[in-house]
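Student: this one's structure only:
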């Protein structure tokens, strides 16, 4: 996929790593420890995979000091082999060319501003008073509505929608199908019918955030929905209006935060987990997959809900008892008094 | 965001509210009680926020009679401050201009009909025998397939897909990325391979419904999938084929109803909740977030499943015991007999 | 919807079925047993609906031998009435015309290859080195990036995105809004900031797979994400990088498999169910709706987690006791020793 080629020595120097073995060993790509070819670089981070090392054909393996003790072939020694691997493998990542300029088919409002160094792809629509800044890339089929900003170096891969009043910082990446700035779900019941509550706010996304495919971030009702810098959202996530997500927090696929929830910095929200509206989660909280956060969390740590997986027959028996758990507890308690 | 400006007196008259304080007070926007500026209108509905009233800079606050007793500044008295606020704030909502007419880039089948008062945006595709009625707005990037109807005054914000046989009533709003009328998930196993069951029905959506971003509503297998009037679906929802949803029901983000489920009128389905196929839920049922409805519900009321959130260490201990809950119950029961 | 018309005798011959009753009976469409009109064909598969047979107006009913014993009208006898119905109803399915050729608006890279018998719709974008093979249909608004293959006879209904390195087999169907080949969620923390791990792999989809609306399948980190042949994914599903799904497995709406999970052949994953990363599920496993698979499954069978639905008041009491379940079990256990 790439014609790049480096020697182990060149990589050691470039990334400030200690070289173990042959400096001249050539690397022209990356692979997994189990399946890397004879000119590929692999990594060993998880001790669980240490037994794959002997049989690996990898030309060079990135590993920790102590894993290299008895290793007879070429290695690069790193404190964090996974992060180091990430940086090295970027050398081999094919990057599609996105030249500056506007595709002939694009429909750009006369009152929008596109920096000459930005790339605007086919079938892109940009509304009034929106700005696309230097070096930004707007891939094919994206729709940018009114009053949006795409910060310098940001990239909307393809078919992304920024509805209105969405302001992206610098180097933000948004994957296909994501929708930012749709009207939040604000309803009041009046006379037996729903009345829409106008959603007058916007969405503010900090520098270096990444938003996954088909993820939704609604605009705020009055003030903005906010992602601080370096927030990472996976695919299929739902972020309600006026949610606030702290810097460096990552949310896994299919998770959701309901309106006005406030999630701290450096949190990890597991796949399919949910956070109810108006709650607060402090910094450095881990919520495990498919857990539901039903009240505010004020202490860092790991939190869970749910029950373990069982064969269906056992589950049916145990689950039926859950319906009488209070009665059971009273019974036990009663007899002990 | 808007140059509209009203006096408190004008607003009182327009919305039939009692004025408390200065009729001449100017309002040029809305804000939250905590952060409204000196020319903005805020509201007080939840008693929990009453303590913010003293420090609020809001020019005018919409509140209930009794909250205004000791209030020395300007207020508008409403029975339902939230619904009243919704109506007032609509005066300040910026509405993008969508002039009647068809964008030059649109690809419209010769056998489709578009009312001259409708707006068709850039890169819109409309298939054979589909109709877009008076005043409807089809935003950029929408795809409308064959045999669809978009009723008068309805709006597809952007990048919405109506696959085939989707009939929308009047004043329906659909947010970006929603897909209506895709083939339902109908499969039969034959000779060790899946066989597709043709999905011959359509989707029928009543007047005043609203469909959230990236929500899916599959078309029916034989008859239609149906939303009655004023149904409100949030983002990321999945509605299977032949589901029927009663009028005025609201479903929160990431919830789902499997094939042929029947949900009554005035129900509230919480975020991430699921309804299994072929079940019936009667009118006025509330299902709390991330609950799973596994059998029909015949009595109005609130229903839940799941377990509470705990710190992970406690959760592990308790969850492990859940696997032996039946044995535990038998033991307690055995000893008491 | 269709002008096709057949006699019961023609259908019996065409599908190798035994005819019960009048060969000359005309059929011009299909319906449900309860609501079929006098010239429609219906089916009876589930004994639960047997009581609808007497009142049905259907011209012809597909049923099992024993259900036809006392049936006085026209029937077609099948071992699997549902599968047979599926095949017959395909005769009445309206199929939009998709002539070979490329829509004038399509933006196709000079280094892409489109077979002359393929159909490319309006506003389609195809990137460098991608191939669309014989008879494939690319509906309006699809985006195909670099280095993709759409196999012969495959169909992307509309607004599908293949980001990069996505290879589809033959007769694959993908519904609107699906995103295949987006970068997987690969992150390493370094110095308090997230570092992206390049996602160098692709997505490989076998023959006869079907991918639902708004479903996401991420591309692999190093090797490919793989769906073997005849895999069926419903809507709103999330498939993480390097997941491997065995042939003939079906996953229902809103389910998810996290990175590097391996799901066997002939599995059924229920709606909203989740599979944690790096786990293995063997062949012929059924996971019920909204269950979470937290460890590998090595025996075929049905698996579940969660608790039953209850009225909210009972649920609150029981759920509160769940928090003390370990203490309760210790108490019972202690007293018995």
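Tutor: Right, received. Where do you want to start? Model, not experiment: these values are computed from the prediction.
Student: lowest-pLDDT helix or strand in chain A?
Tutor: Taking mean pLDDT, DSSP states H and E as the measure, chain A has helix A:325-336 as its least confident helix or strand, at a mean of 85.
Student: contacts for it next, please.
Tutor: The contact list for helix A:325-336, computed with Cβ atoms under 8 Å, 6 or more residues apart in numbering or on different chains, reads A:321, B:325, B:328-329, B:332, B:336, C:314, C:317-318, C:320-322, C:324-325, C:328, C:331-332, C:335. In this view, the C-beta of every residue, glycine as well, is placed from N, C-alpha and C.
Student: could you figure out how far it is turned away from helix C:325-336?
Tutor: Following axes from the mean of the first three to the mean of the last three Cα atoms, to 10 degrees, one obtains 40 degrees for the angle between helix A:325-336 and helix C:325-336.
Student: got the buried residues for helix A:325-336?
Tutor: Residues of helix A:325-336 classed as buried: A:325, A:326, A:328, A:329, A:331, A:332 (neighbour count, 16 or more other Cβ atoms under 10 Å in any protein chain shown).
Student: quick one: stretch A:91-103 near chain C?
Tutor: Yes. For stretch A:91-103, a contact with chain C is found by Cβ under 8 Å from any Cβ of the partner chain, at A:92, A:93, A:94, A:96, A:103.
Student: show me what contacts the fourth one?
Tutor: For residue A:96, the residues meeting the contact criterion (Cβ under 8 Å, 6+ apart) are C:127, C:128, C:145, C:146, C:164.
Student: quick check: it vs residue A:170, distance?
Tutor: 21 Å (Cβ to Cβ, to the nearest Å).
Student: surely residue A:289 touches residue A:270?
Tutor: Yes. The criterion here is Cβ atoms under 8 Å, and residue A:289 meets it with residue A:270 at 3.7 Å.
Student: any common contacting residues for those two?
Tutor: Each of residue A:252 lies in contact with both residue A:289 and residue A:270 under the rule Cβ under 8 Å, 6+ apart.
Student: so residue A:96: helix, strand or coil?
Tutor: The three-state label given to residue A:96 by DSSP: H, G, I helix; E, B strand; the rest coil is coil.
Student: got the confidence number for it?
Tutor: Per-residue pLDDT puts residue A:96 at 87.
Student: ok, residue A:164 next?
Tutor: The predicted local confidence for residue A:164 comes out at a pLDDT of 98.
Student: what of residue A:4?
Tutor: Confidence per residue is given as pLDDT, and for residue A:4 that number is 87.
Student: quick check: the gap between it and residue A:93.
Tutor: Taking Cβ to Cβ, one finds residue A:4 at 9 Å from residue A:93.
Student: out of the two, which sits in the more crowded spot?
Tutor: residue A:93 (15 against 12; other Cβ atoms under 10 Å in any protein chain shown).
Student: pretty sure the more buried one sits against residue C:198.
Tutor: Yes. With contact defined as Cβ under 8 Å, residue A:93 reaches residue C:198; the gap is 4.2 Å.
Student: check whether stretch A:281-295 comes into contact with chain B.
Tutor: Yes. Contact between stretch A:281-295 and chain B, assessed by Cβ under 8 Å from any Cβ, occurs at A:286, A:288, A:290, A:291, A:292, A:293, A:294, A:295.
Student: quick one, phi/psi of the first one?
Tutor: Taking degrees, to the nearest 10, you get phi -110, psi 130 for the backbone angles of residue A:286.
Student: beta partners for it?
Tutor: For residue A:286, the residues forming beta bridges with it (DSSP bridges) are residue A:268, residue A:302.
Student: contacts only, for it.
Tutor: Residue A:286 neighbours (Cβ under 8 Å, 6+ apart): A:267, A:268, A:270, A:301, A:302, A:303, B:312.
Student: just send those back as a markdown table, with distance to residue C:156, pLDDT and neighbour count too.
Tutor: Converted to a markdown table, these look like this (distance: Cβ to Cβ, whole Å; pLDDT from 0 to 100; neighbours: other Cβ atoms under 10 Å in any protein chain shown):
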| residue | distance to residue C:156 | pLDDT | neighbour count |
| --- | --- | --- | --- |
| A:267 | 37 | 98 | 23 |
| A:268 | 35 | 98 | 17 |
| A:270 | 32 | 98 | 24 |
| A:301 | 45 | 98 | 12 |
| A:302 | 41 | 98 | 17 |
| A:303 | 41 | 98 | 21 |
| B:312 | 42 | 96 | 17 |
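Student: let me know the closest of the residues you listed to chain C.
Tutor: In terms of Cβ to the nearest Cβ, no member of those lies closer to chain C than residue A:270, at 8.8 Å.
Student: tell me the contacts of that closest one?
Tutor: Under the criterion of Cβ under 8 Å, 6+ apart, the neighbours of residue A:270 are A:252, A:255, A:286, A:287, A:288, A:289, A:290, A:291.
Student: pretty sure residue A:315 sits in a helix.
Tutor: Yes. Residue state for residue A:315 (three-state DSSP) corresponds to a helix.
Student: tell me the pLDDT at the nearest residue to it once chain neighbours are set aside?
Tutor: Once its chain neighbours are removed from consideration, residue A:315 has its nearest residue in residue C:304; the separation is 4.1 Å (Cβ to Cβ, 6 or more residues apart in numbering or on different chains). Residue C:304 carries a pLDDT value of 97.
Student: am I right that residue A:172 is in contact with residue A:217?
Tutor: No. Taking contact to mean Cβ under 8 Å, the distance of 11.6 Å between residue A:172 and residue A:217 leaves them out of contact.
Student: which residues do the two both contact?
Tutor: Among the neighbours of residue A:172, those also in contact with residue A:217 (Cβ under 8 Å, 6+ apart) are A:205, A:211.
Student: of these two, who's got more company?
Tutor: For residue A:172 and residue A:217, the more surrounded residue by other Cβ under 10 Å is residue A:217, and the numbers stand at 31 against 26.
Student: list the contacts of the more buried one.
Tutor: With contacts defined as Cβ under 8 Å, 6+ apart, residue A:217 is in contact with A:178, A:179, A:180, A:181, A:203, A:205, A:211, A:225, A:227, A:233, A:239, A:243.
Student: just the ones in strands from these, please.
Tutor: With strands identified by DSSP state E, the entries of the contacts of residue A:217 that belong to them are A:179, A:180, A:181, A:203, A:205, A:211, A:225, A:227, A:233, A:239.
Student: sorry, back to before: which pair in the residues of stretch A:281-295 next to chain B spans the largest distance?
Tutor: Taking Cβ to Cβ as the measure, the residues of stretch A:281-295 next to chain B reach their widest spread between A:290 and A:295, a distance of 17.5 Å.
Student: settle it for me: which of the two has more neighbours?
Tutor: Taking neighbours as other Cβ under 10 Å, residue A:290 and residue A:295 compare with residue A:290 leading, 29 against 10.
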